[in-house]
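1. From the sequence below, what's the structure:
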Amino acid sequence: MKKHLAIAASVIALAGAPALADSHDAAEHEFPLTMADFMMAYPDVTPEEFEQIDTDGDGQVSEDEYNEARESGVIGDDESEG
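-> Numbering: from 1, shown residues only. As a prediction, the model looks like this:
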């Protein structure tokens, strides 16, 4: 339950979070990425998918976790296009 509340609070915080660059090159991101920053760059990613990407469960996406998600197809270059 606490985890879901934390996820909801993070999603609400998206309104005030700065967006990442449109380019999805790991070298251009500042790691680790918080859930709010990550979901601004990838608005189609659900909180559940974020949890899958955050493999160590620390609430942030490291560069290694980001690269693994890209390689496995969980996220792609077209995620932020709309």
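2. Run a quick neighbour tally on Glu51.
-> Glu51 sits with 14 neighbouring residues when counted by other C-beta atoms under 10 Å. For glycine as for every other residue, the C-beta is placed from the backbone atoms N, C-alpha and C.
3. what's the least confident helix or strand in the chain, going by average pLDDT?
-> helix 2-12 (a mean of 55; mean pLDDT, DSSP states H and E).
4. For whichever helix or strand comes after that one, name the packing helices and strands.
-> Sequence-wise, the next helix or strand downstream of helix 2-12 (DSSP states H and E) is strand 33-34. Applying 3 or more C-beta pairs under 8 Å, 6 or more residues apart in numbering; DSSP states H and E, one finds that strand 33-34 makes contact with strand 60-61.
5. outside of the strand it packs on, which residues touch it?
-> Under the contact criterion C-beta atoms under 8 Å, 6 or more residues apart in numbering, strand 60-61 has outside partners Phe31, Pro32, Leu33, Thr34, Met35, Phe38, Phe50, Ile53, Asp54, Ala69.
6. Show me where this structure dips below the pLDDT cut-off.
-> In the predicted model, the chain carries pLDDT under 70 at residues 1-27, 77-82.
7. Apply 90 and report the result again.
-> 1-30, 39, 41, 74-82 (pLDDT under 90).
8. Highest neighbour count among the contacts of strand 60-61?
-> Busiest of the contacts of strand 60-61 [other C-beta under 10 Å] is Phe38, holding 27 neighbours.
9. okay but that residue is in contact with Phe50, surely?
-> Yes. At 6.3 Å, Phe38 counts as touching Phe50 under the criterion of C-beta atoms under 8 Å.
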